[in-house]
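S.K.: The sequence and its predicted three-dimensional model are supplied below.
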Amino acid sequence: RTQGAQAASKSAHVDTHMDELHSTIQQLTQSKARMQSSMLEQITSFRSQLEVVAEENKQLRHELTLLNQAAASRVQERSEALLQQQRKALEDGDDPFATRPALGPYNATLHTTTTASP
């Protein structure tokens, strides 16, 4: 009888242990599934944010290109205007480097002072 009782007790203990292991495996599997789902949501969100940043970056690069083109155009126009002034000064027999309006009011004042003194 004691051997039978011991065997039954041992079998019940093994069954309980197996049930506990099965329950643990199910919990771990559910936890893994939840974690994978959460990670997929985070990846999707990250991709979406990355697409937004990439589009903003593209727009900023385009705007920068336009600004650079506009600045280059203004520099070119100013250079051409100064070149025309220098050519006209040469044609008139003046020193083309005596007038430098692009250098600011201080030089313009000096120029008017220097040209007015002779």
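M.R.: Structure received.
S.K.: Pick out the residue closest to the middle of this structure.
M.R.: For the chain, the residue nearest the mean C-alpha position is N57 (5.4 Å; C-alpha atoms, centre = their mean).
S.K.: What pLDDT does the model give P118?
M.R.: At P118, the model reports a pLDDT of 45.
S.K.: now swap in E56 and tell me
M.R.: pLDDT, E56: 97.
S.K.: where exactly do the helices run in this protein?
M.R.: Counting by DSSP state H, the segments of the chain that form helices are 2-91, 105-116.
S.K.: re the thing from before, from M18, how far out is the residue nearest to the centre of the chain?
M.R.: Computed as C-beta to C-beta, to the nearest Å, the N57 to M18 distance reads 57 Å. The way it works is simple: take the backbone N, C-alpha and C, and place the C-beta from them, glycine included.
S.K.: Likewise for V75?
M.R.: In terms of C-beta to C-beta, V75 sits 83 Å off from M18.
S.K.: Could you do S38 as well?
M.R.: Taking C-beta to C-beta as the measure, S38 falls 30 Å from M18.
S.K.: what's the answer for A81, then?
M.R.: From A81 to M18 the distance is 93 Å (C-beta to C-beta).
S.K.: Now for this protein, the helix or strand with the poorest mean pLDDT.
M.R.: When the helices and strands of the chain are scored by mean pLDDT, DSSP states H and E, helix 105-116 comes last with a mean of 48.
S.K.: Can you report how many residues lie near Q86?
M.R.: Counted with other C-beta atoms under 10 Å, the neighbours of Q86 add up to 16.
S.K.: OK, contacts around E51?
M.R.: Listed by C-beta atoms under 8 Å, 6 or more residues apart in numbering, the contact set of E51 is empty.
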